[in-house]
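**Student:** Need coordinates for the below:
(2 chains)
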Amino acid sequence: MTTALLGASEAAKKALEALHAGERRFVIVGGEGTGKSGALNIVRDVLVERGDPVYRLAMPRGEDAAFAGTVALAAQLDPRASDLLPRVLDSRVGYDDKLGRVACALEQTRGTLLIDDPPARGGELTASIFDTRLGELRDRLLQLREVRVVVASRLPSAGPSTTIRPLFDLSSVLAGPWSGALAPAARSLQDSAALSGYSPVEVRLIVAAVAAGQPPPGVSSHRWDPSGLLDVVLEGETELRRIVATLAFVRMPFDDALLEALGSAALPEKSRALLHEVLLLRTGEGRVLHGLIGRRARGDEWLSPDDRSRAHALIAEWHRASFAARTSAAEVPAAIAHEVELVHHLTEAGDLDGVFAARVCFPEQYDALGKVLSIRGRHADAVRAYERAIAFDQPERIDAYAHHYLAYNLDVLAEQEKRVLAEYTVARDAQPTHPWFWGRRICFLVTTGRLDEAMDAWAEAAARFQLDSGEEGLAAELHRSVAQLLVHRGQIAQARRVLRDVPRGARSSDWFTSLDGWLQELEAAERDELVFPPHIPPGERWDGPHLLRDPGDAERVVEWQPGRIAHADLEGIRVRVGKRDALGQVSFFYRDLSHDDLSRLTTYSKHGLQLPAGTFVELLVAKDGDATREQLLSWPRQSRRLPGLSPIFPRPDRYIRRALAGR
Amino acid sequence: MRLPDVDDEALQIWLFGPGTGELVVVRAPPGQWLVVDGCSADREGYAQRLLGHYGARPSLVVMTHPHLDHASGLREVIETATRGPRETWPRLGMVPTPDATGAGDLWDGFASLTGGLVEQVVATIVQRWTENPACRWELELGSSELLGEASVRVLSPVSAERVAAATAWMTGKAYDFNRAATALLVTWNGRRVLLGSDLVEVPGGGWTSATGQDSSLADHDVYKIAHHGSLGGLGPQSTRPRRPALRAWLCTPFARQGLPRAGDGNGLDRLLAIEDEILLTALPRAHGEQGGGVHAVSRADLQDPAKFVATERTSGFPDCWVSVRVPKMGPVDVTRGPGSFLVRA
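**Tutor:** Next comes the predicted model:
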């Protein structure tokens, strides 16, 4: 099915005019589904027809995007630079070297480079090795002097650019071919003015929705959105949905062999029509699932984690077979592309042995494998993956990421303490600009009872990361985790030190407020002045009593003693009571109450009352007619979450448990 | 009152208890030091201060059980003492059932503080055990260590309580860890110092079991009274000796539990029925409410809390302490620090 991309044609024309006028850079700006890729295709076709060298880079998803992209470029360049591809595929060669050679080879072509959706610049301080490599690739390509670069991007550009108009020839979209119920549905929509403004993929989904019995646009004022259309089209289509969800992970055009492997042949006719005529696009290289549909399938997690692994494993096998076929046919660029994808999908499947057996061209691909395994809780396997990456270290090229995460995964397992510290230290020293490489090391030292050493390291980190306002995110990455652990371990002075180092701009954040408040409670406990529960805001604490069911009863109260039960045993309870005098001076004292006292002061029976330590109580003397009556109200333990803070992971007592369990 | 000088002709004991927390330090000739548990006040660890005062390095450090009032201030001692070469490290004693209940409790700040601090001390000990197995001392029942010319022997816990404590720790079930507290007997030239920790007789019969290690626990020169003078701490060790003897009985308070209790029939009453005097390091109050004087009082006096409202606060370390000098022969010498009380019936 072809679509006349009217808007894309306009945009391509403007790009070509700009290049002809001598512009070295041009950006085609447009949102999702507006035809940017189509515009680049048109530019490519024109340049090829003119005999100009042109190279295309479509940035794939995934952590290996930089590596896949570098290989893709090298494969396109290889006929011109015969030693380039072997070097790019050699895992012993560093990424800098590879990228430099690719860039050099591109420069020599003096051609045109077309880039689909280059990565945006992200936060640098906490960038992963994958983001860093992607940034390096992006920067290197955009700095090419002898090469003209046309970029298709969702982001506006300050330089020469055009914004693509999402303008399409709907009649060609509606022309099909269609089968079954889709055909009359499409016919009914011909000449429908209500389709104006919909993209081609949306139009195809509308055809399917109308075929399924939905009222066409224009009948109601409701404007379809793609998500809604997709839900309607796939309602009841469990198997089709599974196939689409699997295809959403494929990063390049595919053939019928993959569809057969997924079981498409067993679909009912109607479902097959939906698949081939609505959801998939046919390109020169094969079929693709429209990006909008793929993003939805991945984002909404149509597959469970286990099914996702199986999907990746299945796709990997298709790539393996395709690689073999392309190799036999001496189709080198295509074979290499399948080989890169094979490693990607084996990684996403968590197939450690599969990746180890494959040809891995970049040590960072082992880092990607380690990340997948670590996230899935397979920490011992993650360690093996990072060990593989580290095996490629050179004195001038240390994979700090691998060293750090090797340490981290051992740390989670609470194994090999010495090695954990050594690896954290290597990572920090190799990349001292990364806050996590400091923070996790410090947390490890605290966790394993080396507090003095941890605070020395903190002093070093605080001096290095002199934070100004605007770096609140960094404080969240570095200060929060360390402070939270110190508070958990009751190390008040040290926690205060870390919180003092938090930049002013970050002190309004939820996590800071939570930690500061929690620390204040510990400080009160340390002074034996902890009376009020945390749910009562500090500014309201002395405005009690707080536990009366009827606030109107407060008028009858002549004496109020708030307290927390410090101890409870067979003899009774001991309450730490707070008292504020008329001048606002607060004092504290202990008060002992026997179980007989409790029976008298509460409505509970002597044996039924269970008031554990920590319970908030209020001892009240209230007027009762002409007399006064004393009573005790209590508020038991409440559950509590602190905004901005997650439970500490890994659990702080893991080394203790590992060392002492089973004794 | 200043801290006593060291004496190479005597066994010396220092007991600190500033309201919450208990620290016992023993020096045995010719100059080896034992630190048992720890206490803090105003965020100052007393054990490290004391060692610093005497320029001492501990040979043995023991955490008798994982409660805050016995672990506070120990972290600093252990980290300082293990900075040098491994052969200089002290032996670190802990029964490996390190309950840190309460760590991370978001409702009860006191539980969070105590649990967290204990967890940090335990982590500190465990890390040193891992790095230097020679310093590992699991306080096995009946095991002993030399402390200069003296010997330190473990009297508790028995195996069943070790197992019960370990099970409770692993499963998170409730358990009274005082049942698995470590009581120690320090002997030197026939002189005996019984350190009762928080070992209780009720529940669990801890002291009856301890007599399995030494049948004459009541025969001692100095006794650090078990569990802050509670009724549960009374046992065969706190009975009259077989032969009349002058004994020094020392006790630390525990403010949050109001121990020792001075009422009729309570701990102090029962103890004073056996021994004429109890040396209390301070009153069962917060440290900020302790006074600066040295007092001699009756048990009846202590039943009226208003009687001892401090007009002048203690000035901090060294305060709330009692020290005993045990010579090779003859009566012991007692020195009391500011905040302490001599209690008679």
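**Student:** would you say residue A:545 is within a helix?
**Tutor:** No: using DSSP: H, G, I helix; E, B strand; the rest coil, the assignment for residue A:545 is coil, not a helix.
**Student:** ok, and for stretch A:586-600, which residues are buried?
**Tutor:** For stretch A:586-600, a neighbour-count test (16 or more other CB atoms under 10 Å in any protein chain shown) marks A:588, A:590-593, A:595, A:598 as buried. (Each C-beta comes from the backbone N, C-alpha and C, glycine too.)
**Student:** could you dump the residues you listed to a markdown table with pLDDT and secondary structure?
**Tutor:** What follows is those, written out as a markdown table (pLDDT from 0 to 100; DSSP: H, G, I helix; E, B strand; the rest coil):
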| residue | pLDDT | secondary structure |
| --- | --- | --- |
| A:588 | 94 | strand |
| A:590 | 93 | strand |
| A:591 | 93 | strand |
| A:592 | 92 | strand |
| A:593 | 92 | strand |
| A:595 | 87 | helix |
| A:598 | 88 | helix |
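**Student:** Grab the two from these that are most spread out in space.
**Tutor:** Using CB to CB, the pair of those lying farthest apart is A:588 and A:595, separated by 23.7 Å.
**Student:** among the buried residues of stretch A:586-600, which are within reach of chain B?
**Tutor:** For chain B, the contacts drawn from the buried residues of stretch A:586-600 by CB under 8 Å from any CB of the partner chain are A:588, A:590, A:592.
**Student:** List the contacts of the first one.
**Tutor:** Looking back up the chat, that one is residue A:588. By CB atoms under 8 Å, 6 or more residues apart in numbering or on different chains, residue A:588 lies in contact with A:528-529, A:531, A:576-579, B:286.
**Student:** Considering those, which possesses the most neighbours?
**Tutor:** Using other CB atoms under 10 Å in any protein chain shown as the neighbour test, these are led by residue A:576, with 24 neighbours.
**Student:** Tell me which helix or strand the spatially closest residue to it that is not a sequence neighbour sits in.
**Tutor:** Spatially, and ignoring its direct neighbours in sequence, residue A:576 is nearest to residue A:566 (4.8 Å; CB to CB, 6 or more residues apart in numbering or on different chains). For residue A:566, the element it lies in under DSSP states H and E is strand A:557-569.
**Student:** can you list contacts of the helix or strand that that strand is followed by?
**Tutor:** On the C-terminal side of strand A:557-569, the nearest following helix or strand under DSSP H and E is strand A:572-580. Applying CB under 8 Å, 6+ apart, the contact partners of strand A:572-580 are A:528-532, A:542, A:561-568, A:586-595, A:597-598, A:611, A:617, A:619, B:256-258.
**Student:** Could you rerun that using 6 Å?
**Tutor:** The contact list for strand A:572-580 (CB atoms under 6 Å, 6 or more residues apart in numbering or on different chains) reads A:531, A:542, A:561-567, A:586-595, A:611, B:258.
**Student:** Also stretch A:545-562?
**Tutor:** By CB under 6 Å, 6+ apart, stretch A:545-562 touches A:531, A:536, A:544, A:577-578, A:618-623, A:633, A:635.
**Student:** Of those residues, which count as buried by neighbour count?
**Tutor:** Those of those that meet the buried threshold are A:531, A:536, A:544, A:577-578, A:618-620, A:622, A:633, by 16+ other CB under 10 Å.
**Student:** Which one of the residues you listed is nearest to residue A:8?
**Tutor:** Of all those, residue A:8 sits closest to residue A:536, with 62.6 Å by CB to CB.
**Student:** Now residue A:535: phi and psi?
**Tutor:** Main-chain dihedrals, residue A:535, degrees, to the nearest 10: phi -70, psi -20.
**Student:** Is residue 208 in a helix, a strand, or coil?
**Tutor:** You didn't say which chain, so I picked chain A. helix.
**Student:** Likewise for residue B:146?
**Tutor:** strand.
**Student:** Count the residues that sit near it.
**Tutor:** 13.
**Student:** Run through the bridge partners of it.
**Tutor:** residue B:151 (DSSP bridges).
**Student:** per-residue confidence at it?
**Tutor:** At residue B:146 the predicted local distance difference test score is 97.
**Student:** roughly how far apart are it and chain A?
**Tutor:** Computed as CB to the nearest CB, to the nearest Å, the residue B:146 to chain A distance reads 25 Å.
**Student:** Look up how far residue B:91 lies from that residue.
**Tutor:** Using CB to CB, to the nearest Å, residue B:146 is found at 10 Å from residue B:91.
**Student:** longest helix anywhere in chain B?
**Tutor:** The helix that spans the most residues within chain B, counting by DSSP state H, is helix B:109-131.
**Student:** Determine the set of other helices and strands touching that helix.
**Tutor:** helix A:510-526, helix A:654-660, helix B:68-71, helix B:74-81, strand B:91-94 (3 or more CB pairs under 6 Å, 6 or more residues apart in numbering or on different chains; DSSP states H and E).
**Student:** just the ones you listed: most buried one?
**Tutor:** helix B:68-71 (a mean of 26; mean count of other CB atoms under 10 Å in any protein chain shown).
**Student:** is it anywhere near chain A?
**Tutor:** No: counting by CB under 6 Å from any CB of the partner chain, chain A is not contacted by helix B:68-71; separation bottoms out at 8.5 Å.
**Student:** Can you give the contact residues for that helix?
**Tutor:** Helix B:68-71 is contacted from outside by B:20-22, B:37, B:63-64, B:114, B:117-118, B:121, using CB under 6 Å, 6+ apart.
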